[in-house]
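K.L.:
okay, here's the prediction I keep looking at, along with the sequence it came from:
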Amino acid sequence: MPMDLTTDEQALLESDNPAVRKSMELLVRLGDIYGAEEFVEIGSAQASGISYKSIGDPGVEFLEGFAAEGAEVEVQTFANPAGMDIDRWEEMGVDPEFAKQQRRIVGALREMGVTVSFTCTPYLAGNLPGPNEHIAWAESSAVSFANSVVGARTNREGGPSALAAAITGRTPKYGLHLAENRVPTHRIDVDVELQNQADFAALGSWAGRIVEDGRPYFAGVDGATTDELKALGAAMAATGAVAMHFVGGVTTDEEPPTDLETLEFGSAELEAEYGELNSTEDTDLIVFGCPHASVDEIGQVADRLDGESLDRDLWVCASGAVKSQADRMGYTETIEDAGGMVLSDTCNVVAPIEEMGYESTATDSAKAAAYLPGFGEQDVHFDDKLSLLEEAIE
Ligand code: F3S
């Protein structure tokens, strides 16, 4: 059955503005494919496909053309990371031609009214939705955090559908916008103490491969910080396509259904997952902040590096909003005195890392460990932050 459109929605479909009309056509097609009966208005959107590395010249031309056709966002829309720190790209070693094309993307987004925040943690940087608020976010770790930790409602949008939702202010109501779909599909009994953010990432990496696009319920996790939850969700979204999960006693007090398929995660699985995520111990770059780091994470790195010197490069990636707090706390200065860089706007996966001379990367992110071999031609060393710093302090 075709979607039921209100008078306003029919008007958007027949708009004189080609960007609005094309956006609405795309969303109606999507809604029909997924069996949505109606649209739902959204509180915010998140645009992805922002890095020149990901979209190349055709992407630049599409965004500029769309802006010229009159595309303008209706709701607050944050941008996902770009291919470089917009201000410090030369210090990063980014090629000037790449920087020129990336700046064209920034210009087109700004013309459309997109907030050029360039972060995958909008919820740490000024865009925190409310519980049950409908949103259209595109970056998979942010989608997972919004659904699982915040309780907002979003499907895992693609770049074009998120932008179309931003321009029309609505999205088809299906999938995780519906309460009946926001329930666990698997139970995972965690029978090992998770000691740090990397352990949570390893659990997520293991779970994502097994449950694929399911919605796991974790039992036996004693507690988790915001940073640990973002690492868990990011990993599952990378090795699987998990867009929502539940951590019993942490993100939910509800008991899971009793008839779920049950899996066990113990010390043997944890150790094996570290093995799975490691392909080298010899690295020329350490990267933290995948997903983008919180002030607390940057503070942990600064505390360990105070007065020390690193034998290899270090990037700590964060949103501009978080980095400015780290600057004020003196964390950035401490890290950069030791030889690292605190970067905003970008990350190790969407920056042209393979063209910058790096061959092997150390990270505490299972998402980065999963993506870097393919997206950045990197060998990977995965471990927790403090262990990785220990190895690199001269
Ligand atoms: Fe964010 Fe880049 Fe990781 S977009 S989740 S820091 S791969």
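P.N.:
Cool, got the structure. As the structure is a computational prediction, the values presented were derived from the model and not from experiment. Residues are numbered from 1 along each chain as shown.
K.L.:
near the ligand, which residues of the stretch 151-300 of the chain are found?
P.N.:
234, 290-292 (Cβ under 6 Å from any ligand atom). Every C-beta, even on glycine, is put in place using the N, C-alpha and C of the backbone.
K.L.:
and if we set it to 5 Å?
P.N.:
290-291 (Cβ under 5 Å from any ligand atom).
K.L.:
helix, strand, or coil at the residue in the stretch 151-300 of the chain positioned nearest to the ligand?
P.N.:
Here the residue of the stretch 151-300 of the chain nearest the ligand is Cys290; by Cβ to the nearest ligand atom that distance is 3.3 Å. The three-state assignment at Cys290 reads coil, by DSSP: H, G, I helix; E, B strand; the rest coil.
K.L.:
what pLDDT does Ala99 get?
P.N.:
pLDDT recorded at Ala99 is 98.
K.L.:
that one contacts Met84, doesn't it?
P.N.:
Yes. The criterion here is Cβ atoms under 8 Å, and Ala99 meets it with Met84 at 6.1 Å.
K.L.:
tell me the pLDDT of the nearest residue to the residue of the stretch 151-300 of the chain closest to the ligand once chain neighbours are set aside.
P.N.:
Distances taken as Cβ to Cβ, 6 or more residues apart in numbering put Ser365 closest to Cys290, at 3.7 Å, once the chain neighbours are dropped. pLDDT recorded at Ser365 is 98.
K.L.:
42 is where my numbering starts, stick with that
P.N.:
Taking 42 as the first residue, the last one we looked at is Ser406.
K.L.:
show me what contacts Ser406?
P.N.:
242, 272, 275-276, 328-329, 331-332, 423 (Cβ atoms under 8 Å, 6 or more residues apart in numbering).
K.L.:
save these as a markdown table, and put in pLDDT and neighbour count too.
P.N.:
As requested, these are arranged in a markdown table below (pLDDT from 0 to 100; neighbours: other Cβ atoms under 10 Å):
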| residue | pLDDT | neighbour count |
| --- | --- | --- |
| Ala242 | 98 | 34 |
| Ala272 | 98 | 30 |
| Ala275 | 98 | 31 |
| Ala276 | 98 | 33 |
| Val328 | 98 | 28 |
| Phe329 | 98 | 28 |
| Cys331 | 98 | 29 |
| Pro332 | 98 | 30 |
| Phe423 | 98 | 26 |
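K.L.:
residues making contact with the lowest-mean-pLDDT helix or strand in the chain?
P.N.:
The helix or strand of the chain with the poorest confidence is helix 407-417; it has a mean of 94 (mean pLDDT, DSSP states H and E). With contacts defined as Cβ under 8 Å, 6+ apart, helix 407-417 is touched by 182, 239, 242-243, 245-246, 272, 275-276, 278-280, 314, 318-320, 328, 331-332, 388-391, 394-395, 399, 402, 404, 419-421, 423.
K.L.:
those residues in helices, which ones?
P.N.:
182, 239, 242-243, 245-246, 272, 275-276, 278-280, 314, 318 (DSSP state H).
K.L.:
greatest separation within those residues: which pair is it?
P.N.:
Maximum pairwise distance among the ones in helices among the contacts of helix 407-417 (Cβ to Cβ): 17.9 Å, between Ser182 and Glu314.
K.L.:
please tell me how far the nearest residue to Gln419 once chain neighbours are set aside sits from the ligand.
P.N.:
Distance criterion Cβ to Cβ, 6+ apart; nearest residue to Gln419, sequence neighbours excluded, is Leu413 at 4.1 Å. Here the criterion is Cβ to the nearest ligand atom, to the nearest Å. By it, Leu413 lies 9 Å from the ligand.
K.L.:
Leu413 and Val421: what is the separation?
P.N.:
For Leu413, the distance to Val421 (Cβ to Cβ, to the nearest Å) stands at 5 Å.
K.L.:
between those two, what contacts are shared?
P.N.:
Residues touching both Leu413 and Val421 (Cβ under 8 Å, 6+ apart) are 402, 404.
K.L.:
circling back: so how do I select the buried members of the contacts of helix 407-417 in PyMOL?
P.N.:
To isolate the buried members of those in PyMOL, using 16 or more other Cβ atoms under 10 Å:
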select buried, resi 182+239+242+243+245+246+272+275+276+278+279+280+314+318+328+331+332+388+389+390+391+394+399+402+404+419+420+421+423
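K.L.:
pLDDT score for the residue in the stretch 42-191 of the chain that the ligand sits nearest to?
P.N.:
Residue nearest to the ligand within the stretch 42-191 of the chain: Cys161 (3.2 Å; Cβ to the nearest ligand atom). For Cys161, the pLDDT comes out at 98.
K.L.:
surely it and Val184 touch.
P.N.:
No. If you go by Cβ under 8 Å, Cys161 and Val184 don't touch, sitting 10.0 Å apart.
K.L.:
neighbour count: these two, which is higher?
P.N.:
Higher neighbour count among Cys161 and Val184: Cys161, with 34 against 28, using other Cβ atoms under 10 Å.
K.L.:
got a list of what the more buried one touches?
P.N.:
Counting by Cβ under 8 Å, 6+ apart, Cys161 has contacts 121-122, 180, 182-183, 332-333, 388.
K.L.:
ok, Cys358 next?
P.N.:
Counting by Cβ under 8 Å, 6+ apart, Cys358 makes contact with 122, 328-331, 333-334, 384-385, 387-389.
K.L.:
element containing it, please.
P.N.:
Using DSSP states H and E, Cys358 maps to strand 354-359.
K.L.:
how far does that strand sit from the chain's center?
P.N.:
Centre-to-centre, strand 354-359 and its host chain are 16 Å apart (Cα atoms, centre = their mean, to the nearest Å).
K.L.:
what pairs with it, parallel or antiparallel?
P.N.:
strand 326-329 (parallel), strand 382-385 (parallel) (DSSP bridges).
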